[in-house]
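Novice: Provide a 3D model corresponding to the input given below.
(chains A and B)
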Amino acid sequence: MHYKDELAEVLARETGMEKNIFSDLLEIPPQADMGDLALPCFRLAKELKKAPNQIAVELKGKIAGKLTWLRRAEVVGGYLNIYVEPAQYAETILQKSFAQGATPGFGTEGLEKTVLVEYSSPNIAKPFHVGHAFSTLVGEAIANLYEYRGYCVKRLNHLGDYGTQFGKLIAAWRHWGSEEALADDPITELNRVYVKFYRELEDKPELEDEGRLYFKRLEEKAPEEYELWKLFRDLSLKAFDKIYNRLNIKFDSMLGESFYSDKIPAVVDRLREKGLLVESEGAQVVNLDDYGLNPCLILKSDGATIYASRDIAAVYYRDETWDFYRNIYVVGAPQKNHFQQVFAVLKEADFPKADQCIHVAFGTVRFADGIFSTRQGNVILLNDLLAESVAKTKAIIQNNNPEMPEAEVEKIAESVGVGAVRYTFLRNGRERDIVFSWDDMLDFEGDSAPYLQYTYARCSSIMRLAAANGVWPLDPTKINHEHLAGEEEQSIIKLMDAFEDSVLEALDTHEPSIMLRNISQLARAFNRFYNSRSILHAEDKEVMKARLILTESTRTYLKAGLKIAGIDALERM
RNA sequence: GGGCGUAUAGCUCAGCAGGAUAGAGCAACAGCCUUCUAAGCUGUGGGUCGCAGGUUCGAAUCCUGCUACGCUCGCCA
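Specialist: Presented below is the predicted three-dimensional model:
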């Protein structure tokens, strides 16, 4: 609400008080009939030693005639409610949005700043399940948000390709692996032997040592183990590529943990020089008492590296490579403590950008009766979920549009099915856990991606018809905005007005759901408008023009918001 | 035990730098397709905002205590 600043200005001038007092106090009322802006006068009452109601009345008198856009002001209780001139409001917002073309609410404050977003980061040789979807989809949306404000974004996939687990995998493979099965479906086969390893472990604890031995050999780059690991890694990357293609996600870097392994000695030296390394129970740790944290383990008692040291090495490497403005980790909430430690160690080591490293945590995907576990083979593959979602979509489309050609059905079903899944991971606060339920995942009504896509397609359909009838395109500056003064139209305008702030807040808090909520409300407002007004069959041509402009603008906002979320906007469905 | 987080309608969630009768969606029920896409729209019912105190003109929102659940607390990542 851009009028807020001007109103605060006038209030300050007329009362001789600080402008900030008013801009802090001014708020958007909970209901449209209470006005467009409101000033609660309760706090002023104390300072001015007058009743809130009386203050509101006096202020109302002082602003009278001072603002061109002010339609009326009303005192209700201790509130001064401000109503803006709706036609003028519509004109301002629509002109602004048309001036910004396809990217309303974009910004350039990020130019010249590089933001690294680490996300997805699956473990090689393991199935890509719906748990990974959280990081992948939230991370992509956050990357898109930064790009929308002009930042140069580097998408980093920090592959889990290192650690004792790969020693175990090699052991498992040597015991039970099948070449044919590996060639046929590598991830499934590798996962099969890995799961078997943990089952066998119960009776044969010696397997544990075997796994450790192979990892040690791997670290020493023993040719046989190394080649095997390399094979597993390559096969996994190929499999991951398929899913990333399907999600339309492209990474700028696929450097995994293994890449940083040989960069750790330099980190250890650095920490030692700073006098931070302490021996404890045979291991090398950094004491973090000053931060209220437990010591951070840098080197294990056998001298081997650990994930914390690898993460620290990665920060130095990334800064040398990209000179980052921000370094963001989209990693699950259970690793909060880990990142607090890593960032604290960086601070202790006087790394100047420690505060520019941010852990963006998200919740856990689990079943109602327990957690996903790769080891127990108790997972739902993202691909299976997508397939299910696409299949359901396809059935709906065929039911609704029996005439639609098969190829188009396929294409739309893919976009809608994938979009629906995407949306379920983005619609809520990211730190909430998601209890997996097929019904919720495949609910295409109400607050869902298909609802947004449907609304977009509906707008598109109207614009197509308008073009066919020769009434579109038309000059957006040459419409009568008085026709957009109604409640249905104004609620749409207000949401468009709020879109940019929702993007900024989403970026600020790394919470894509905030932006999505805005376009979800916009879609709802448009559908109400659509159901209560005739657009192409409006009472006269001027009314129709105004409504077409509103429709086209809605279409633009929906598309922009969906694109940030990574969801396709479809011309028909 | 220490730390972090969560608790709002039957279900899934918004709201939380204090403010006006606590909002959506789903589910339930009742309606709306001879007019631009019914994956839509309208209406109805449904809430001691976990519990107990406190601060305040005013608390879902801030503070304290408690309860429940989840995560985490060096040699996995």
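Novice: buried set for whatever helix or strand residue A:174 lives in?
Specialist: Residue A:174 belongs to helix A:164-176 when assigned by DSSP states H and E. For helix A:164-176, the neighbour count (16 or more other CB atoms under 10 Å) marks A:164-173 as buried. Using the backbone N, CA and C atoms, a C-beta is placed for each residue, glycine as well.
Novice: so residue A:237 versus residue A:187, what's the distance?
Specialist: Distance from residue A:237 to residue A:187, counting by CB to CB, to the nearest Å: 11 Å.
Novice: then residue A:420?
Specialist: 24 Å.
Novice: quick one: which of the two has more around it?
Specialist: residue A:420 (25 against 20; other CB atoms under 10 Å).
Novice: helix/strand/coil for the more buried one?
Specialist: Three-state assignment for residue A:420 (DSSP: H, G, I helix; E, B strand; the rest coil): helix.
Novice: leaving out chain neighbours, which residue sits closest to it?
Specialist: Leaving aside its sequence neighbours, residue A:420 sits nearest to residue A:449 (CB to CB, 6 or more residues apart in numbering; 4.7 Å).
Novice: residues near the one you found, how many?
Specialist: Residues near residue A:449, counting by other CB under 10 Å: 27.
Novice: sheet partners, orientation included, of the worst-scoring helix or strand of chain A on mean pLDDT?
Specialist: Across the helices and strands of chain A, mean pLDDT, DSSP states H and E gives its lowest value to strand A:370-371, namely a mean of 72. Using DSSP bridges, the strands paired with strand A:370-371 are strand A:365-367 (antiparallel).
Novice: distance between stretch A:294-307 and the chain's centre?
Specialist: Relative to the centre of its chain, stretch A:294-307 is centred 33 Å away, using CA atoms, centre = their mean, to the nearest Å.
Novice: what's the end-to-end length of it?
Specialist: 16 Å (CA to CA, to the nearest Å).
Novice: number of nearby residues for the residue in chain A positioned nearest to RNA strand B?
Specialist: Across chain A, no residue is closer to RNA strand B than residue A:446, which sits at 2.1 Å (CB to the nearest atom of the strand). Counted with other CB under 10 Å, residues neighbouring residue A:446 total 9.
Novice: look up phi and psi at it.
Specialist: phi 70, psi -130 (degrees, to the nearest 10).
Novice: repeat for residue A:65
Specialist: Torsion angles, degrees, to the nearest 10, at residue A:65: phi 80, psi 0.
Novice: what pLDDT is listed against it?
Specialist: Here, the pLDDT recorded for residue A:65 equals 91.
Novice: state the number of residues packed around it.
Specialist: Counted with other CB under 10 Å, residue A:65 comes out at 8.
Novice: for stretch A:475-484, which outside residues touch it?
Specialist: A:86-88, A:90-91, A:94-95, A:98, A:489-490, A:493, A:542-543, A:545-547, A:549-550 (CB atoms under 8 Å, 6 or more residues apart in numbering).
Novice: between the two ends of that stretch, how far is it?
Specialist: Per CA to CA, the first residue of stretch A:475-484 is 16 Å away from its last.
Novice: go through that stretch and flag the buried ones.
Specialist: A:476, A:479, A:481, A:483-484.
Novice: could you do stretch A:396-403 as well?
Specialist: residue A:397.
Novice: quick one: it to chain centroid distance?
Specialist: For stretch A:396-403 - counting by CA atoms, centre = their mean - the centre lies 32 Å from the chain centre.
Novice: ok, which stretches of the stretch 201-350 of chain A are helices?
Specialist: For the stretch 201-350 of chain A, the helices defined by DSSP state H, counting those that start in this stretch occupy A:206-219, A:223-247, A:257-260, A:264-273, A:307-322, A:336-348.
Novice: what would these look like in CSV with mean pLDDT, distance to RNA strand B and mean neighbour count?
Specialist: Formatted as CSV, these follow (pLDDT from 0 to 100; distance: least, CB to the nearest atom of the strand, whole Å; neighbours: other CB atoms under 10 Å):
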stretch, mean pLDDT, distance to RNA strand B, mean neighbour count
helix A:206-219, 88, 8, 17
helix A:223-247, 95, 14, 16
helix A:257-260, 92, 5, 21
helix A:264-273, 94, 12, 16
helix A:307-322, 96, 4, 20
helix A:336-348, 95, 4, 19
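Novice: relative to residue A:28, how far out is residue A:18?
Specialist: 21 Å.
Novice: which residues touch residue A:333?
Specialist: A:361-364, A:431.
Novice: ok, now with 6 Å
Specialist: A:361, A:431 (CB atoms under 6 Å, 6 or more residues apart in numbering).
Novice: then residue A:161?
Specialist: A:124, A:233, A:256-258.
Novice: okay, those residues in TSV with distance to residue A:408 next?
Specialist: Output for the contacts of residue A:161, formatted as TSV (distance: CB to CB, whole Å):
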residue	distance to residue A:408
A:124	37
A:233	39
A:256	39
A:257	43
A:258	44
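Novice: what is the nearest of the residues you listed to residue A:332?
Specialist: Proximity of those to residue A:332 (CB to CB) peaks at residue A:257, which lies at 16.0 Å.
Novice: tell me how many other residues surround the residue nearest to the closest one when sequence neighbours are not counted.
Specialist: Leaving aside its chain neighbours, residue A:257 sits nearest to residue A:162 (4.0 Å; criterion: CB to CB, 6+ apart). Residues lying near residue A:162 (other CB under 10 Å) number 23.
Novice: and what about residue A:470, helix, strand or coil?
Specialist: The three-state label given to residue A:470 by three-state DSSP is coil.
Novice: same question but for residue A:30, I mixed them up
Specialist: Applying three-state DSSP to residue A:30 yields a three-state assignment of coil.
Novice: quick check: phi and psi on it?
Specialist: When quoted as degrees, to the nearest 10, the phi and psi of residue A:30 stand at phi -70, psi -20.
Novice: can you tell me which residues contact residue A:147?
Specialist: Counted by CB under 6 Å, 6+ apart, residue A:147 has contacts residue A:153.
Novice: element containing it, please.
Specialist: helix A:130-148.
Novice: which other residues reach the helix or strand just after that helix?
Specialist: Beyond helix A:130-148 in the direction of the C-terminus, DSSP H and E gives the next helix or strand as strand A:152-156. Contacts to strand A:152-156, defined as CB under 6 Å, 6+ apart, come from residues A:114-118, A:143, A:146-147, A:251-253, A:322.
Novice: now a ChimeraX select for only the buried ones of the residues you listed.
Specialist: Command for ChimeraX, covering only those of those found buried under the criterion 16+ other CB under 10 Å:
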select /A:114,115,116,117,118,143,146,147,251,253,322
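Novice: now distance to residue A:465 too, for the contacts of strand A:152-156, in CSV please.
Specialist: Listed next are those as CSV, based on distance: CB to CB, whole Å:
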residue, distance to residue A:465
A:114, 45
A:115, 42
A:116, 46
A:117, 41
A:118, 46
A:143, 36
A:146, 37
A:147, 34
A:251, 41
A:252, 42
A:253, 46
A:322, 48
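Novice: which one of the contacts of strand A:152-156 is nearest residue A:82?
Specialist: residue A:146 (34.7 Å).
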